[in-house]
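[1] Everything below, folded, please.
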Amino acid sequence: MDKLIIEQGVKTPRIEFDPSGFMKITGRSVPENAIEFYHPIHEWINKLSVYPEAGFKLIVQLEYFNTSSSKCLLDLFRRLESIHLQGNCSVSISWLYDEGDEDMLESGEDYQQIVKIPFTFGKAD
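    Numbers count the residues shown, from 1 in each chain. Predicted structure coming up:
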């Protein structure tokens with residue numbers, strides 16, 4: 001299976017998903033149609049027939065996201081949670097935020113309360 005790379009746009013984040021288990025979402029997520037934008041990501045995960053032995057590591061480093069993106073991110077996290085809970089492979093999420101951006105930290109903590117995936121938190125580069 002090929003990598004999924006979606007270059008960053010003015011309103012959309014950069015997406016880099018590799019079948020080896022490395023996944024990264026960076027930038028701003030305020031697309032006109034978040035469901036349409038995030039659809040290829042959900043499809044890519046659904047098409048994986050073999051999960052990486054090392055598991056999935058998702059790095060989320062968003063400056064800002066809107067409400068519709070929030071729902072799409074939650075859908076993504078729930079899909080990864082399902083894979084994680086089935087025992088097919090481990091999944092972890094690194095939530096990176098800019099120093100002093102308490103809102104973004106709280107958003108990550110909210111997701112952590114909702115899904116049963118190990119989260120780590122750290123300052124963005």
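
[2] mind listing the strands for the protein?
    With DSSP state E, the ranges of strands along the chain come out as 4-6, 14-17, 22-29, 56-65, 91-97, 119-123.

[3] can you tell which of those strands is closest to residue 106?
    strand 91-97 (9.3 Å; C-beta to C-beta). In short, each C-beta sits where N, CA and C put it, glycine included.

[4] what's next to the closest one, contact-wise?
    With C-beta atoms under 8 Å, 6 or more residues apart in numbering as the test, strand 91-97 has contacts from 55-61, 77, 80-81, 83-84, 104-105, 108, 111-112, 117-125.

[5] Just the buried ones from the residues you listed?
    56-61, 77, 80-81, 83-84, 104-105, 108, 111-112, 117, 119 (16 or more other C-beta atoms under 10 Å).

[6] just to revisit the earlier point, mean pLDDT added to the strands of the chain, as TSV?
    Output for the strands of the chain, formatted as TSV (pLDDT from 0 to 100):
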stretch	mean pLDDT
strand 4-6	97
strand 14-17	97
strand 22-29	97
strand 56-65	96
strand 91-97	97
strand 119-123	96
